Every structure is written in C-alpha cells, then in structure tokens.
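Undergrad: For reference, the sequence and a predicted model appear below.
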Amino acid sequence: IIFDIINKPPQTKLLQFAKSHGATIIHGYEMLLYGAAEQFLLFTGKPAPVKIMEDAILRNLINKYA
C-alpha cells in the first residue's frame, strides 16, 4: 500500500510506479478530504457531506490537470 500525501498533481510518479507494480494506492487528496471532514464535524457537530466534498476536490483536480 502506498499513500502519497501530495495533492497536486493527483497522479504522482510515485503513485504511477506503485500502481504499475500492483500496489494499492491512496491519493493525497484523500488525506485532505478526511481531514476536512473531521474539521467540519468538530466545528458544526454534524457529519460532513464527504461525497459532496470529494466531488468538489476531484472537479478542481481534474480541471487543473486534465
């Protein structure tokens, strides 16, 4: 399992290499997402809309690196 904490670009050389060798990869944006979700919960007392947040992050990354 390879977890790259870099957000941009979403597909780093490390992740590409690891994936090509059969590793399970975890993108850096996931740390950003779940950290933000925890902050949302701490500040509001309500569960974060994780799917909406993830869609927003991915839209930004796809538009910037497409």
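TA: Okay, I see it.
Undergrad: can we go C-alpha only for contacts and neighbour counts from here?
TA: Will do.
Undergrad: tell me which residues in stretch 52-66 are buried?
TA: 54, 57, 61 (16 or more other C-alpha atoms under 10 Å).
Undergrad: Spell out which helix or strand contains the first one, please.
TA: By that I understand residue 54. helix 50-65 (DSSP states H and E).
Undergrad: And the contacts of stretch 57-66?
TA: 8, 9, 10, 29, 33 (C-alpha atoms under 8 Å, 6 or more residues apart in numbering).
Undergrad: for stretch 47-55, that is, sorry about that
TA: Residues external to stretch 47-55 that are found in contact with it (C-alpha under 8 Å, 6+ apart): 33, 34, 37, 38, 40, 41.
Undergrad: mind redoing it with 6 Å?
TA: Identification of contacts with stretch 47-55 by C-alpha atoms under 6 Å, 6 or more residues apart in numbering yields 37, 40, 41.
Undergrad: For it, the averaged confidence score.
TA: Stretch 47-55 comes out with an average pLDDT of 96.
Undergrad: got the CA coordinates for that stretch in CSV?
TA: Extracted in CSV, the C-alpha atoms of stretch 47-55 (Å, rounded to 0.1, in the frame of the first residue of the first chain):
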residue,chain,number,x,y,z
PRO,A,47,-21.2,14.8,9.9
ALA,A,48,-19.6,16.2,6.9
PRO,A,49,-21.0,15.8,3.4
VAL,A,50,-18.0,13.7,2.4
LYS,A,51,-19.3,12.8,-1.1
ILE,A,52,-20.0,16.4,-2.0
MET,A,53,-16.6,17.5,-0.7
GLU,A,54,-14.9,14.7,-2.6
ASP,A,55,-16.7,15.7,-5.8
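Undergrad: Off-centre distance for that stretch?
TA: Shown here is stretch 47-55, whose average C-alpha point lies 12 Å from the average C-alpha point of the whole chain (C-alpha atoms, centre = their mean, to the nearest Å).
Undergrad: Next: stretch 27-36.
TA: Computed by C-alpha atoms, centre = their mean, the separation of stretch 27-36 from the middle of its chain amounts to 4 Å.
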